[in-house]
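In: Sequence and predicted structure are below.
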Amino acid sequence: MSIELHPVINGAESLFIPGNKIGVVLCHGFNGTPQSMQYIGEQLSKCGYTVSIPRLNGHGTHYLDMEKSSYETWITDLQRAYRGLKKECEKVFIVGQSMGGALTLQVAANNPDVDGIFLINAAVTDVSYKEFRGIMEPRFVEEGSPDIKKPAVFEITYDKVPVKAIHQLLDLMDDTKMNVSKVTCPTIIFKSAADHVVPPANSEFIFQHVSTSKKKMIVLGNSYHVASMDYDAPYIVDSIDHQIKNLATSQIVKSAVAGLA
């Protein structure tokens, strides 16, 4: 893990909310922070779940820290959060958005004990950064406003990102694409109909290649890429809660479980 030389931006800190014996880890995307997943995490905690939202290395501090990060470190960050909840909870699910979806697939591919994953506009095959493959200049790339349909929503991001970090994102996607078929746990995929960052074809690729019959595609009709902060966020929460209650069959929650979906 690279050493971060800058303080964490106020509001971008990792978040942990204790709850029952069902844990949910939420993973933000490239150039995002736990703040982008905070609403969903807090709402899931109100459903009783134990919630962990780790901050990925190099995110939420300064873009110079991001320049030194690697995708292997990001996988390790999510893996550590997952294992931490696994020690405390009987069941653990992972929710990943955008690049966080790719990281979620990586952890699920390498941990068959993951109880289920929820992917929100996950990136594995084609994203808006593809033009930077093999390009080393400029050193930093200016970022536009986050892709959110709902007006006046503020997401904590850098105003520029390092080309080296973009290369790490693209390498992660290439690696994840080869590992999607290793995912065997229940998989719920949320796909925004209008995503200007990650084309819907990414979600369709994942749906076709995960090795589980317990999979479902849910189309979000009123959100752009950062759906966790958009109009469909309450619907995402309700859907995750419903699916977890159907999937979590441990003795601790059996009175609240209706059976497998």
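Out: Arrived safely.

In: Report pLDDT for Thr50.
Out: Looking at Thr50, its pLDDT is 98.

In: Just the element for the residue nearest to it when sequence neighbours are not counted, please.
Out: Residue nearest to Thr50 in three dimensions, not counting chain neighbours: Gly19, with 4.0 Å by Cβ to Cβ, 6 or more residues apart in numbering. C-beta: built from backbone N, CA, C; applies to glycine. Under the criterion DSSP states H and E, no helix or strand holds Gly19.

In: Then the one 4 residues further on?
Out: In this assignment (DSSP H and E), Gly23 forms part of strand 22-27.

In: And the strands in the stretch 151-261 of the chain?
Out: 160-162, 187-192, 215-220 (DSSP state E, counting those that start in this stretch).

In: Ala201 is nearest to which of the ones you listed?
Out: strand 187-192 (9.6 Å; Cβ to Cβ).

In: partner strands of that closest one, parallel or antiparallel?
Out: In the sheet containing strand 187-192, its partner strands are strand 116-120 (parallel), strand 215-220 (parallel), by DSSP bridges.

In: looking at these, which is buried most?
Out: Of the strands paired with strand 187-192, the one with the most neighbours on average (mean count of other Cβ atoms under 10 Å) is strand 116-120, at a mean of 28.

In: Just the angle for the following helix or strand past the strand holding Gly23 relative to strand 22-27, thanks.
Out: Following strand 22-27 in sequence order, the next helix or strand is helix 38-46 (DSSP H and E). Per axes from the mean of the first three to the mean of the last three Cα atoms, to 10 degrees, the angle that helix 38-46 makes with strand 22-27 is 180 degrees.

In: And the contacts of helix 38-46?
Out: Helix 38-46 has contacts (Cβ atoms under 8 Å, 6 or more residues apart in numbering) with 15, 17, 19, 24, 26, 34, 51, 53, 95, 228-229, 233-234, 236-237, 240-241.

In: Would you map the helices across this protein?
Out: 38-46, 63-66, 71-88, 99-110, 163-179, 201-209, 233-247 (DSSP state H).

In: and the fourth one, what other elements does it pack with?
Out: Yep, that's helix 99-110 we're talking about. Applying 3 or more Cβ pairs under 8 Å, 6 or more residues apart in numbering; DSSP states H and E, we find helix 99-110 packed against strand 22-27, helix 71-88, strand 91-97, strand 116-120, helix 163-179.
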